[in-house]
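**Student:** I need the structure of the sequence given here:
(chains A and B)
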Number of protein chains: 2
Amino acid sequence: MEFFFDPQSVAVIGASRTENRPGHNVLRNLVDLGYKGKIYPINPNINTLLGLPVFPSIEAIPDPVELVIIIIPTPLVPKILRDCAEKGVKGAVIITEGFAETGDAENAQLQLELKQIVNETGIRVLGPGTMGIVNLQKNFTSSYVDFKGLQTTGNITFIAQSGIFTGGLVRYFATYDIPVSRIISLGNKIDVDDADILNFLAKDAQTRVIASYLEGISDGKRFITAARNISPQKPVIVLKGGTTIAGVRAANSHTGSLAVDNDIFNAVVKQTGLVRVETLTDLFETARAFSITPLLPRGPRLAIITYSGCLGVLSSDTALKLGLQLATFSTETSEKIHEVVFDRKFGANPVDTYPSTLKSGNERVFTTALDTVLNDENVDGAILTVWGDEKPDEKPFSPKIRDIILHHQKNGKITIIPVLGEKLGIERERKFFEDSGIITTIFADQAIQIYKNLYQYNKYKQSKELLH
Amino acid sequence: MEFFFDPQSVAVIGASRTENRPGHNVLRNLVDLGYKGKIYPINPNINTLLGLPVFPSIEAIPDPVELVIIIIPTPLVPKILRDCAEKGVKGAVIITEGFAETGDAENAQLQLELKQIVNETGIRVLGPGTMGIVNLQKNFTSSYVDFKGLQTTGNITFIAQSGIFTGGLVRYFATYDIPVSRIISLGNKIDVDDADILNFLAKDAQTRVIASYLEGISDGKRFITAARNISPQKPVIVLKGGTTIAGVRAANSHTGSLAVDNDIFNAVVKQTGLVRVETLTDLFETARAFSITPLLPRGPRLAIITYSGCLGVLSSDTALKLGLQLATFSTETSEKIHEVVFDRKFGANPVDTYPSTLKSGNERVFTTALDTVLNDENVDGAILTVWGDEKPDEKPFSPKIRDIILHHQKNGKITIIPVLGEKLGIERERKFFEDSGIITTIFADQAIQIYKNLYQYNKYKQSKELLH
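**Tutor:** Next up, the predicted model:
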C-alpha cells in the first residue's frame, strides 16, 4: 500500500491545461509540493504542461510507473486501467466519478468491469470517485485540492469514503490548526477499503491517531478484524453517517452504501474499541486531544476545579450524564483545599476557587487545589478551568500548573484545561498548555466529553493488554 | 425596577482605594463609563476617590440617593441596608457574599434580617451575593468586572443567579461578538428574582432576547406566570444547572438552590414556551440566532443544500434526531434542481451541489437550488452550506444568495447558512450574511439545532397568538 502514499513515480492520466480543473490541479499540486519522484502527465493533445513533457498514453512512457492518477471520462476508465495493469503499474487512484453511485445500470456495469480488472491483474485501486490522498510529510498528493497552510507535522490520519476531508475540509484543517498527517478519500471502495487502510496505518510511523467518517462497511468481517488489530495500538475515532432513515437514504445515493443498523454498528464499536463520536466537531476535537498526548486517563473519577459555581454545577451534570463520576475527596484532601478555598463545601468536589482567589491569590489557590486533588488516590483525573485573560506581558497564567499536570500525567492522572475569558487570552493559554502536551478546550463540557472518549478508549486498550 | 438599570444617583458603600478590589472597581467602572447620574462613594476613612468627594455614611449625603451598591463585610450589611431604607433609597445591590449560601446558621440569620428589612421598608434588594448589573447602553453598571470591548448595541439580556455572565464570561462576550444589551446577576434572590426580572424585561425596549442560566426557582407559581407572560413576545432561552444528583449537590452549595426535578422543569418549559438548551455554547448560539433576526421558521420541513455528500448525510441524521423533517420536494422542484445538479438523486433532498458546480458554476447551482426549494410549498426552511474560501478580492461568496434568502425569510421560510472552509473566509461570509439578518454557523449540525430551537419557540408563540 505504500505506493499510494509515497510512490517512486506517478502518471497523471487526463492531465489538463485548463486551470482549476481537477486534471490540472493534481499536476500543479505535485509540482508545487516539490514531489521527488518522476511525474508523467498524460494527454494525447498536449506536448508539455507546467514545464513537464507530456505523454500520449501510459504505454508511451519508457520507464516503469508505480502509481497512476486517473481523471478521464467515466466510460474510458476500464480500458485505461487495463493498459496500466499491463504496463506493470502497482496502484491506480481513480478520481473519475459516475459509476455505481449514480444508480444507473450502465455505470454500475463499468464499475464491475473495474473490479474484474483488479481481480484478474492484481493492480490495486483506490476509488473510483475518490478525492485522492494527501500526504504532505512525503510531499505527495493524488488530490486536486488546495492544501496551502496545512500542517505537515501532525500525527492524525483522516479517512472518509467521501471527499469531505480531502475536499471540503482541507482548508478548515489548514486554518484551524488540526495536526494532520495523512488524509485519505476512499470513494466507492471497489478494492482498497477501510480494512486495508487500517491494516496499513497500524504499521505506519506517521500515524498515531485515526479519525474516520464512514457510511457503510463493505466487508464486515475484515473490517472488524482490522479494527481489533489496530485499536489496542492506535485510537480509531469514528463518525457514522446514516443513522436515521433520512440519513440512510442520503448515504445510499452518496456513496452507494447500504444501511448498517445502528445497534449492530454499536456492537461493532464495543467489540473493536472504536471511539464513536456524534458530530464533526467531536471528531476533530477528540482526534486533536489524542494527538496532543499519548497518555490516557486511568479512571472515571473526576475532580472538577473551576472559578465559577455555575461551571462547577454544569460540569458535575455533564460528567454524570456521560457515565463518569465525581470523585469523593479524602478528608485530608478536603482540609488542605479548605486552607485556600473558603466555601461552605469545605473543600468538596467540585472546587470553586472564586472569590477565594481574591484573598489567597490566583496561583496559590489553583496550584494547591490541583496538586492536592491529584495526590488523592480517590481521584483519577481533573478538569481545571483557568482564566484566559488579556495581559500586557503576554505571559501564561501559570507555568506551575503546567508542571503539576505533567508530573501527575505520567501516572495516568490526566488533567484537561478549559480556558474561558478573552479571545486572545484563550488562544495564548491553549497554546501554552498544548505545546507541553496538555489538552485544552474552551468550555468545560467539551473537556469532559473528551476525557470520557479518552478514558473509554483506555479501558478497551487495557482490557486487551490484560489478555497478553 | 428601572432604578436598578438606570438610576438618577448611586452611592457605592464600601468604596475602596485599593486597585482591583471590587469596592474600587465598581466606582472606577462608573467613572470610566461616563455615567451621567450623581456618584457618591462612601467610606469613613477617605476624603476623595477618583476625583470624587467621599462621604462617611449614607446619612451624610445631603441629596436623595436612588440606588446603593453595597460591598462591605457581611455582618455590617443589615444595619447599612436599614440606614439606606430610612434615607429613602429605592434599591440596593448587595454584592457582599457570605449569607445563606455558606450553610452557616449565623450567616443564614443575617440573610433573614435582610429579608425582614425588605418586607418592613419596601426597599428593593438585588442579591446578596450578586455580581451586579451591566447596562452599557445607559453607561451604567453595578458590577466590578472589566467590560472593555463589550458591544453596547445588542439586544440580548443575560440573567443568572450566579455571577457567571457578569463575571467569568463578560470578557468572552466582549471578544466573541455576543450582542449583549444587559447582564444581570441575581445572587441569593431574597427579593428581586427571575419573575421580577422577566416582568421588567417584557416591557424593556432594549431587550429582544433573554438568555438565562438558572439552578433553582424560588417561587414556582410567580415564575410560571412571568414566563408565560413574556414568552409570546420575547424568547427566553434557559440553561438549567443541577439535572443530575452531582449537579444538584453542587448547586445547593453554590446558590443554596433546592433541586427542581428534571421532569417537573421540563413540564414548566412546555407550559411556558421557554427554549431549553443543554450547554453554554448552545445558550450563546441560540441567543445570537434569535438576536440576528426576529423572523422565525414556520415549519419543520427542511431542505438541505450542501457541497458535500457527507454533510448531506449527517444533516439528514441531525434533522431527524431533533424531530425535524426532510422536505419531500415536488416533481417540479426536483426537475428544476436537476437542470443544474447532476446526481442520481435527480434533485431529491438533500441536494449535493458538488461536483456539478464545476460544470454549472458555483453561483448558478447554489442560487437555482436555493430559490427553487424555497418556492416549493412542501419546504418550510433551508440549511445551505456555502464555501468560506480565501479570496484575494475579499468579496462575499454571493450577494444573490443573500437576496434570495431575505426574499423568502419574510414569509417565514428561514435559511440558516453553515460556512465551512478557511478561517478568514468563514469569518468574512458569516459577517456578510449576519449583517443582513441571516443566521450563520460553522457546522451544519449547529445550524439545524438552532433551526429547531427557533421553530419550537415559534410553534409555542403561534399557539398563543391563536388564542387571542
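**Student:** are we agreed that A:I39 is in a strand?
**Tutor:** Yes: using DSSP: H, G, I helix; E, B strand; the rest coil, the assignment for A:I39 is a strand.
**Student:** leaving out sequence neighbours, find the closest residue to it.
**Tutor:** Of all residues not flanking A:I39 in the chain, A:L30 sits nearest, at 5.4 Å (Cβ to Cβ, 6 or more residues apart in numbering or on different chains). The way it works is simple: take the backbone N, C-alpha and C, and place the C-beta from them, glycine included.
**Student:** my guess is the one you found contacts A:L136. True?
**Tutor:** No: A:L30 is beyond contact range of A:L136, at 11.8 Å (criterion: Cβ atoms under 8 Å).
**Student:** compare the two (neighbour count), which wins?
**Tutor:** A:L30 (22 against 18; other Cβ atoms under 10 Å in any protein chain shown).
**Student:** how about the helix or strand containing that one: buried residues?
**Tutor:** A:L30 belongs to helix A:22-33 when assigned by DSSP states H and E. Buried positions in helix A:22-33, judged by neighbour count with 16 or more other Cβ atoms under 10 Å in any protein chain shown: A:P22, A:G23, A:H24, A:N25, A:V26, A:L27, A:R28, A:N29, A:L30, A:L33.
**Student:** contact partners of it?
**Tutor:** A:10, A:12, A:14-19, A:39, A:41, A:43, A:49-52, A:69, A:71, A:95, A:132, A:136, A:139-147, B:358 (Cβ atoms under 8 Å, 6 or more residues apart in numbering or on different chains).
**Student:** my read: A:K423 touches B:T175, true?
**Tutor:** Yes: if you go by Cβ under 8 Å, A:K423 and B:T175 touch, sitting 3.7 Å apart.
**Student:** what parts of the stretch 301-450 of chain A come near chain B?
**Tutor:** Counting by Cβ under 8 Å from any Cβ of the partner chain, the stretch 301-450 of chain A comes close to chain B at A:307-314, A:316-317, A:319-321, A:326, A:343-345, A:348, A:350, A:352, A:354-355, A:358, A:389-390, A:420-425, A:443, A:445-446.
**Student:** filter the residues you listed down to the buried ones, PyMOL style.
**Tutor:** Applying 16+ other Cβ under 10 Å to these, the buried members can be selected in PyMOL as follows:
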select buried, chain A and resi 307+308+309+310+311+312+313+314+316+317+319+320+321+326+343+344+345+348+350+352+354+355+389+390+420+421+422+423+425+443+445+446
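**Student:** which of the residues of the stretch 301-450 of chain A next to chain B fall in helices?
**Tutor:** With DSSP state H as the criterion, helices contain A:309-314, A:316-317, A:319-321, A:358, A:423-425, A:445-446 from among these.
**Student:** so, in contact with chain B or not, stretch A:64-84?
**Tutor:** No: Stretch A:64-84 stays clear of chain B (Cβ under 8 Å from any Cβ), getting no nearer than 11.4 Å.
**Student:** and that stretch, which residues are buried?
**Tutor:** The neighbour-count check on stretch A:64-84 (16+ other Cβ under 10 Å) flags A:65-72, A:74, A:77-78, A:80-82, A:84 as buried.
**Student:** how close does whichever residue of the stretch 1-150 of chain A sits closest to chain B get to B:I337?
**Tutor:** Using Cβ to the nearest Cβ, A:G103 is the residue of the stretch 1-150 of chain A that sits closest to chain B, at 3.8 Å. Going from A:G103 to B:I337 by Cβ to Cβ, to the nearest Å gives 16 Å.
**Student:** so those two - more neighbours on which side?
**Tutor:** Legend: neighbour count by other Cβ under 10 Å for A:G103 and B:I337, higher for B:I337 (28 against 14).
**Student:** just the element for that one, please.
**Tutor:** Following DSSP H and E, the helix or strand that holds B:I337 is helix B:331-338.
**Student:** go on, A:I184?
**Tutor:** In this structure, A:I184 sits in strand A:180-185 according to DSSP H and E.
**Student:** likewise for A:E106?
**Tutor:** Going by DSSP H and E, A:E106 is in helix A:105-121.
**Student:** so for the next helix or strand after that helix, mean pLDDT?
**Tutor:** Downstream of helix A:105-121, the first helix or strand assigned by DSSP H and E is strand A:124-126. Strand A:124-126 shows a mean pLDDT of 98.
**Student:** same deal with stretch A:418-435?
**Tutor:** Stretch A:418-435 comes out at a mean pLDDT of 94.
**Student:** with stretch A:441-456 instead?
**Tutor:** pLDDT averaged over stretch A:441-456 gives 97.
**Student:** stretch A:10-18 now?
**Tutor:** Stretch A:10-18 comes out at a mean pLDDT of 97.
**Student:** quick check: buried residues in it?
**Tutor:** For stretch A:10-18, by 16+ other Cβ under 10 Å, it's A:V10, A:A11, A:V12, A:I13, A:G14, A:A15, A:S16, A:R17.
**Student:** go on, stretch A:461-468?
**Tutor:** Buried residues in stretch A:461-468, counted by 16+ other Cβ under 10 Å: A:K461.
**Student:** just the CA trace of it, in CSV.
**Tutor:** C-alpha atoms of stretch A:461-468 as CSV (Å, rounded to 0.1, in the frame of the first residue of the first chain):
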residue,chain,number,x,y,z
LYS,A,461,-6.9,-0.9,25.5
GLN,A,462,-6.1,-2.1,29.0
SER,A,463,-8.6,-4.9,28.7
LYS,A,464,-6.7,-6.1,25.6
GLU,A,465,-3.3,-5.7,27.3
LEU,A,466,-4.5,-7.9,30.2
LEU,A,467,-5.1,-10.7,27.7
HIS,A,468,-1.4,-10.7,26.6
